[in-house]
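Undergrad: any chance you could fold what I've pasted below:
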Amino acid sequence: MPSVCLKQFRDLCVYSAQDVRELRFFLMIKQRKSCSGNFLRNFAVCAVFAMGFAGCKNAAEHHDAADEEVYDILNLRHQQLFGSETAFAVETPYSKRAPGDIPSVEIILNRFSDGTNLLTLPKALEMAVNHSRDYQLQRETLYLSALSLTGERHKFALKPTKANLDLSRNRSSSNINTTESDATLTLSKALKTGGTLTATLANDLTLFFNGGGPKIPDITLALTQPLLKDAGAKFAEELLTQSERDLVYAIRTFSRYQKTFLVDRISEYLQLLQKKDEVRVQYQLYLNRIRFREEQDLRLQGELISQFELDQALRSEYQSKVSYINAIESYQALLDDFKKQLNLPLGETVVLDDAELGNLKQFGLQPVPLNDKHGFQLALTNRLDILNNIDKFEDKKRKVEVAANDLLPSLAVVANYSLKDQFYNRNSFDFGDYSGKIGLSLDLPLDKHIERNAYRKSRITFEQQLRSLMKTLDDLRDEIRTNVRTLAQNRQTYIINQKALIVAEREREKARLDMLAGERVSPRDILEAQTAVAKAQNDVTKSLINFHSQRLKLLNNTGILNTGLDQFWVKPQPVPGVAPGVPLPPGAEQDVPVLPPAQILGN
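TA: Alright, predicted model coming up:
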């Protein structure tokens, strides 16, 4: 026998010694040298009935049993991965109701609801986590991954694969009454060595009540153990191993999604505040245009200006009105998109809290002390989706081994033990009257075309995954580099825009004072000064929002964002490997001189 066969046979002895103990109640019967008819009759009937009643759960009990098993698995895996349990639940307000009790009209009426919500940023995040449809979909995806794992684990459990009982009562004219029971009970156990062990108690338990003895059912134990193809825990448990790893991937993916989801909702909320501020700025510009047009109208009546100059003021007033209307529409469209993320009916009125904009200004432009190289190193260690990609590369290596194993011949040990078909009474039934068989089953690899193709495909898939991992790492490095540069750009843009706003306000004030002093001032100068102030105000707010959104994005993309902090979006976040710096007070940011092209381009 080849050495690989001897190794598999040795492993079989180790694993089977553990698994057979789960079937020991069958083997214990052999210890009884005598047995009453009642024992075997009762054993057969009770065993089948017990199996039947054990499986007779209602839908709610099966639902709760699945939840209990899945939540236990998720808590254990989460604790192993992150050191803490998770308060995970997939239930929604509709989960405890029967589908037939949820009319479609209820859903329709729900989307018609209205009202007014004062939505602070913490409240918005809470509502998003609890009610977002996409967030719930991610919960359900994680749940289904754990549920799939329970199915793979069940394949290696000792379980009944068949259990039935048919009873009939016969009476003939010759006064011979018989009760017939066709019963079958089969238990099966998949072994970690790749084998299968089954025990069957089957058919034709016929009781003669006219004095005849009952007939024993057939009792059979059977073992099949591969020695080459599909032999060993690595190959026998491949689907279970992959399912266990897929659950780890799903937990990591969900944990990564949770942080990204919060960052996205915060960015959307801050963008809404920026759009809200823009509406106010555009409205103020519109009012300024009206006042200036009224002043120009009076000057025209005093023959101080021409009709052409009044028309310039009128045209600017109309343009500012259109800009204001467009700003309102842009804000409302963005707000509706945000409502959909929170699963709020679009008819509800939502009022955002302007205090968050003040919090950002108070927090200032706190730097993130990261360069792209250090950020890349942090992401490789902390980004859960990157860890998934690295582990999936290892999966493809294993798939090649599994595909290579499928090319081997199918050689298996086949053994069974059966009690002989016999009648018994209290003293004469013989458990030693049995038949047994052991042998080898060989399926020669005469046609391995499909397996050959599968093996070749596994090698190509492995190399594809290798290149995919390289691309993932390159994309990650590019993402971090872009984040670092964009954050620095947004920081400088905000500082410059603040200076530009001061200059624009000074220009507007100078033009206003010159006009009051009676000096000849071009209407275009006044209009341009008003426009410059409005644009500078919008630019300052926009660049502030962009900086903080990019800061959160960089922290999240490096995997070091701690969302467990209260108001984490305006709190300093420690960077591993970097000593915390002294926070800059608001307004203390300094403009950085630009570099000449030669230092940037290299020549």
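Undergrad: the stretch 101-250 of the chain: strands as residue ranges?
TA: Taking DSSP state E, counting those that start in this stretch as the criterion, the stretch 101-250 of the chain carries its strands at 116-119, 159-171, 177-190, 196-202, 205-208, 218-226.
Undergrad: Glu140 reaches Glu91, doesn't it?
TA: No - Glu140 lies out of contact with Glu91 (C-beta atoms under 8 Å); the separation is 10.5 Å. For the C-beta atoms, the positions are set from N, CA and C on the backbone; glycine is no exception.
Undergrad: quick one, phi psi at the residue nearest to the spatial centre of the chain?
TA: The centre of the chain sits closest to Phe254, judged by C-alpha atoms, centre = their mean, with a distance of 3.3 Å. Main-chain dihedrals, Phe254, degrees, to the nearest 10: phi -70, psi -40.
Undergrad: buried sites along stretch 277-292?
TA: For stretch 277-292, a neighbour-count test (16 or more other C-beta atoms under 10 Å) marks Asp277, Glu278, Val279, Val281, Gln282, Tyr283, Gln284, Leu285, Tyr286, Asn288, Arg289, Phe292 as buried.
Undergrad: in the stretch 201-350 of the chain, what spans have low per-residue confidence?
TA: Residue ranges of the stretch 201-350 of the chain with pLDDT under 70: 202-217.
Undergrad: what is the helix or strand containing Ile290 packed up against?
TA: Assigned by DSSP states H and E, Ile290 belongs to helix 238-301. When contacts are defined as 3 or more C-beta pairs under 8 Å, 6 or more residues apart in numbering; DSSP states H and E, helix 238-301 sits against helix 59-82, helix 121-131, helix 133-154, helix 307-342, strand 349-352, helix 355-363, helix 384-405, helix 523-557.
Undergrad: where are the low-confidence patches of the stretch 451-600 of the chain?
TA: 580-589.
Undergrad: and the helices in it, which stretches?
TA: Secondary structure of the stretch 451-600 of the chain by DSSP state H, counting those that start in this stretch: the helices cover 523-557, 597-601.
Undergrad: and those helices, which is most packed in?
TA: helix 523-557 (a mean of 21; mean count of other C-beta atoms under 10 Å).
Undergrad: report the angle between that one and helix 238-301.
TA: Interaxial angle of helix 523-557 relative to helix 238-301 (axes from the mean of the first three to the mean of the last three C-alpha atoms, to 10 degrees): 170 degrees.
Undergrad: which residues touch the nearest residue to Phe88 once chain neighbours are set aside?
TA: Setting aside the residues directly before and after it, Phe88 is nearest to Leu74 in space (C-beta to C-beta, 6 or more residues apart in numbering), at 5.3 Å. With contact set as C-beta atoms under 8 Å, 6 or more residues apart in numbering, Leu74 has these partners: Thr86, Phe88, Leu142, Tyr143, Ala146, Ile251.
Undergrad: thinking again about what came up before, turn the helices of the stretch 451-600 of the chain into TSV, including distance to Leu440.
TA: Below are these laid out as TSV (distance: least, C-beta to C-beta, whole Å):
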stretch	distance to Leu440
helix 523-557	58
helix 597-601	74
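Undergrad: and Leu411, what's its pLDDT?
TA: For Leu411, the model assigns a pLDDT of 88.
Undergrad: that older thread, of the helices of the stretch 451-600 of the chain, which is nearest Asp182?
TA: helix 523-557 (64.5 Å; C-beta to C-beta).
Undergrad: what packs against the closest one?
TA: Counting by 3+ C-beta pairs under 8 Å, 6+ apart, helix 523-557 packs on helix 238-301, helix 307-342, helix 355-363, helix 372-382, helix 449-516.
Undergrad: what angle do helix 355-363 and the first one make with each other?
TA: Here helix 238-301 points in a direction 90 degrees away from that of helix 355-363 (the same axes, to 10 degrees).
Undergrad: that older thread, which of the strands of the stretch 101-250 of the chain has the lowest mean pLDDT?
TA: Among these, strand 205-208 scores lowest, with a mean of 48.
Undergrad: what about the closest residue to Pro572 other than its chain neighbours, neighbour count?
TA: Excluding the flanking residues, the one nearest Pro572 by C-beta to C-beta, 6+ apart is Gln366, at 5.9 Å. Using other C-beta atoms under 10 Å, Gln366 has 19 other residues around it.
Undergrad: assign Gln366 to helix, strand or coil.
TA: coil (DSSP: H, G, I helix; E, B strand; the rest coil).
Undergrad: tell me how far the closest residue to Val570 other than its chain neighbours lies from Ala355.
TA: The shortest distance from Val570 to any non-neighbouring residue, by C-beta to C-beta, 6+ apart, is to Phe363 (4.4 Å). Remark: distance between Phe363 and Ala355 (C-beta to C-beta, to the nearest Å) = 12 Å.
Undergrad: next one: the closest residue to Pro122 other than its chain neighbours from Leu544, what distance?
TA: Closest residue to Pro122 apart from its sequence neighbours, by C-beta to C-beta, 6+ apart: Gln567 at 7.2 Å. To Leu544, Gln567 is 17 Å away according to C-beta to C-beta.
Undergrad: equivalent analysis for Ile600, please.
TA: From Ile600 to Leu544 the distance is 26 Å (C-beta to C-beta).
Undergrad: ok, Asp336 next?
TA: Per C-beta to C-beta, Asp336 is found 24 Å from Leu544.
Undergrad: dump the residue contacts of Glu69.
TA: By C-beta under 8 Å, 6+ apart, the residues touching Glu69 are Thr150.
Undergrad: can you offset everything so residue one is 191?
TA: Shifting the count to begin at 191 puts that one at Glu259.
Undergrad: report the separation between it and Gln432.
TA: From Glu259 to Gln432 the distance is 19 Å (C-beta to C-beta).
Undergrad: and if you look at His321?
TA: Counting by C-beta to C-beta, the gap from His321 to Gln432 is 34 Å.
Undergrad: what do you get for Ser294?
TA: Per C-beta to C-beta, Ser294 is found 40 Å from Gln432.
Undergrad: so which of those two has more stuff around it?
TA: Gln432 (16 against 7).
Undergrad: please name the nearest non-neighbouring residue to the more buried one.
TA: Asp585 (6.8 Å).
Undergrad: count of neighbours near that neighbour?
TA: 15.
Undergrad: quick one: pLDDT of it?
TA: Per the predicted model, pLDDT is 94 at Asp585.
Undergrad: ditto for Phe553
TA: Reported pLDDT for Phe553: 87.
Undergrad: hmm, it is touching Gln763, no?
TA: No - the criterion here is C-beta under 8 Å, and Phe553 misses it with Gln763 at 11.7 Å.
Undergrad: before we move on, back to that, for Ala724, find the nearest of the helices and strands packed on helix 713-747.
TA: helix 428-491 (4.3 Å).
Undergrad: and the closest one, how far from the chain's centre?
TA: Taking C-alpha atoms, centre = their mean, to the nearest Å, the mean C-alpha location of helix 428-491 is offset from the chain mean by 24 Å.
Undergrad: now the angle from that helix to helix 249-272?
TA: Using the same axes, to 10 degrees: helix 428-491 against helix 249-272 is 80 degrees.
Undergrad: give me the angle between helix 428-491 and helix 311-321.
TA: 140 degrees.
Undergrad: next, the angle helix 574-595 makes with helix 428-491.
TA: Using the same axes, to 10 degrees: helix 428-491 against helix 574-595 is 150 degrees.
Undergrad: any idea how far the residue nearest to Val760 is from Val295?
TA: 48 Å.
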